[in-house]
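K.L.:
Below are the sequence and a predicted model for it; my questions follow.
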Amino acid sequence: MALTKDQIAKRIAQELKSGDYVNLGIGIPTLVANYVPEGIEVEFQSENGILGMGPFPKAGEEDPDLINAGKQTITPLPGASYFDTALSFGMIRGKYIDLTVLGAMEVSDQGDIANWKIPGKLVKGMGGAMDLVASSENIIVAMMHTNPKGESKLRSACSLPLTGVRCVKRIVTNLAVLDVTSDGFLLIERAPGVPLDEIKKATQGRILIPNQVPEIQV
Amino acid sequence: MIRKKVDTVAEALEGIQSGMTLMLGGFGLCGIPENLIKALAASSYKNFCCISANVGVDDFGLGLLFGTQKVKKMIGSYVGENQEFERQMLSAEIEVILTPMGTLAEKCRAAQMGIPAFYTPAGYGTEVAETKEIREFNGKNYLLETAFTSDFSLVKAWKGDEAGNLIYRGTARNFNPLMCGASKITVAEVEELVPVGTLDPNQIHTPGIFVDRIFQGDHYEKRIERRTVQNT
């Protein structure tokens, strides 16, 4: 069975370590905050200017002065801080953020990422994605293995305009967990019951498949 | 004590002319100078170049300036959520320059701080880097980005005093402090303007030296763009 979006988020949440400052992108990455494992203490940053971001507010308690980078209403947790957007990107550029999770349209087997523009379609902008991928040491991509047309999103080279080069470390898709190595994608785990052939077929870039590939536990 | 208080929006915007470059604080609809935007939308001025993170929504925020065809060039980071802006972008009525958000913030801050240019890794290897000088430091590649030059900064704070000192609230801070002093003239509108001596100097976010004019706005709507609540 391929993973659901929530299961992808849950698998990524297993990567969290106590003490991590984490930036979550829009889409599946946002869901990661729902699955922080018991006993793990992390703080979430949103690049518009908050550290210590908590859950969405209860109905009736929304505050227009408290939003995340996706413009959603949020709440602060005890210990939170607010700051301007330059300081916020200083945290990112200065490598104070330990983990960045973001979505992608394509990832190459060298770790290049494309997630902001499709030629011929309306361009909305890169937001903070280029800053994040250029500076983060630890980038996990959360995405479907193939696009809605069934084409592989894990490629030998990105066909779409790039957001950043040689930056992605790990990818969690509905089919697999893969690392980016100097020899291409390395299959780390597979979704429960998904045959290795299916993963191989859905991966257009170079892929290394070890003899033993454990199933994802979610 | 140098007094920065003006009494009307008209006074606050004195000297603005068509074709000028404006920095507008706010992120989405959060922390935007509502009164100044409305006054510009109702004015006869046009052909502005606007520097702002986003473009508002069709009927609010920066969107009011696109609805009234006030903007000929937009420099921003993310420009979704506004159909009239989209239409003007697709029909090439408006020139759009997309900039990585951290670079956008730093280009404001550099203008404010008297730094003409800086190196950043954001956009290396992408089309953002195409026309820019690349330089390697410690084995990593960076782009040279220049500070903005701008005529008016229009910002919003929560509280301010007549000396121009500003305090922001929550994530409504965003780009506002970075734009203060980053243009020839900085105008701040605040929800509450208090007499000097009322604000605790320990709590000031933007010292009044960066602000030229301050006034208390009214009828703040503070609309929420994506009201999101917990499932109950």
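P.N.:
Done, it's in. Numbers count the residues shown, from 1 in each chain, chains lettered A, B, ... in the order given.

K.L.:
contacts and neighbour counts: CA atoms only from here.
P.N.:
OK.

K.L.:
Contacts for the lowest-mean-pLDDT helix or strand in chain A next, please.
P.N.:
Of all helical and strand segments in chain A, the minimum by mean pLDDT, DSSP states H and E falls on helix A:28-31, at a mean of 93. Outside helix A:28-31, the residues within contact range by Cα atoms under 8 Å, 6 or more residues apart in numbering or on different chains are A:5-6, A:8-10, A:24, A:101-103, A:142-143.

K.L.:
Which parts of chain A are strands?
P.N.:
A:21-24, A:43-46, A:50-53, A:76-82, A:99-102, A:106-108, A:113-114, A:139-142, A:154-155, A:170-172, A:176-181, A:184-190, A:207-208 (DSSP state E).

K.L.:
Mind giving me the packing neighbours of the last one?
P.N.:
Using 3 or more Cα pairs under 8 Å, 6 or more residues apart in numbering or on different chains; DSSP states H and E as the contact definition, the elements that strand A:207-208 packs against are strand A:184-190.

K.L.:
please redo it, this time with the cut-off set to 10 Å
P.N.:
Secondary-structure packing of strand A:207-208 (3 or more Cα pairs under 10 Å, 6 or more residues apart in numbering or on different chains; DSSP states H and E): strand A:176-181, strand A:184-190, helix A:196-201.

K.L.:
likewise the first one?
P.N.:
Contacts defined by 3+ Cα pairs under 10 Å, 6+ apart place strand A:21-24 against helix A:28-31, strand A:43-46, strand A:50-53, helix A:85-93, strand A:99-102.

K.L.:
Would you format those as TSV with distance to A:Ser135 and mean neighbour count included?
P.N.:
Below are the helices and strands packed on strand A:21-24 laid out as TSV (distance: least, Cα to Cα, whole Å; neighbours: other Cα atoms under 10 Å in any protein chain shown):
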stretch	distance to A:Ser135	mean neighbour count
helix A:28-31	18	21
strand A:43-46	15	22
strand A:50-53	18	23
helix A:85-93	5	23
strand A:99-102	10	25
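
K.L.:
Any idea which of these has the lowest pLDDT on average?
P.N.:
Looking over the helices and strands packed on strand A:21-24, mean pLDDT reaches its minimum on helix A:28-31, with a mean of 93.

K.L.:
In contact with residue 128, which residues?
P.N.:
Looking at chain A here, since you left the chain open. The contact partners of A:Gly128, taken as Cα atoms under 10 Å, 6 or more residues apart in numbering or on different chains, are A:25, A:47-48, A:69, A:89, A:92, B:77-78, B:99-104, B:122.

K.L.:
Chain B, not that one
P.N.:
A:130, A:162-163, B:97-100, B:122, B:143.

K.L.:
Am I right that it is in a helix?
P.N.:
Yes: under DSSP: H, G, I helix; E, B strand; the rest coil, B:Val128 falls within a helix.

K.L.:
Look up how far A:Ser108 lies from it.
P.N.:
19 Å (Cα to Cα, to the nearest Å).

K.L.:
and if you look at B:Gly15?
P.N.:
Distance from B:Gly15 to A:Ser108, counting by Cα to Cα: 52 Å.

K.L.:
Below-threshold pLDDT in chain A: ranges please.
P.N.:
Across chain A, nothing is flagged by pLDDT under 70.

K.L.:
In ChimeraX, select just the buried ones from the contacts of B:Val128.
P.N.:
In ChimeraX, this line selects whichever of those come out buried by 16 or more other Cα atoms under 10 Å in any protein chain shown:
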select /A:130,162,163 /B:98,99,100,122,143
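
K.L.:
Reformat the contacts of B:Val128 as TSV; add distance to A:Glu38.
P.N.:
Below are the contacts of B:Val128 laid out as TSV (distance: Cα to Cα, whole Å):
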residue	distance to A:Glu38
A:Met130	32
A:Leu162	37
A:Thr163	34
B:Ile97	44
B:Leu98	41
B:Thr99	39
B:Pro100	35
B:Ala122	35
B:Leu143	42
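
K.L.:
Please identify which of the contacts of B:Val128 is nearest to B:Ala111.
P.N.:
Distance to B:Ala111 across the contacts of B:Val128 (Cα to Cα) is lowest for B:Thr99, with 15.7 Å.

K.L.:
need the longest helix for chain B.
P.N.:
Taking DSSP state H as the criterion, chain B has its longest helix at helix B:101-113.

K.L.:
residues near B:Glu145, how many?
P.N.:
Other residues within reach of B:Glu145, judged by other Cα atoms under 10 Å in any protein chain shown, total 21.

K.L.:
likewise A:Gln212?
P.N.:
9.

K.L.:
And it, how far from chain B?
P.N.:
36 Å (Cα to the nearest Cα, to the nearest Å).
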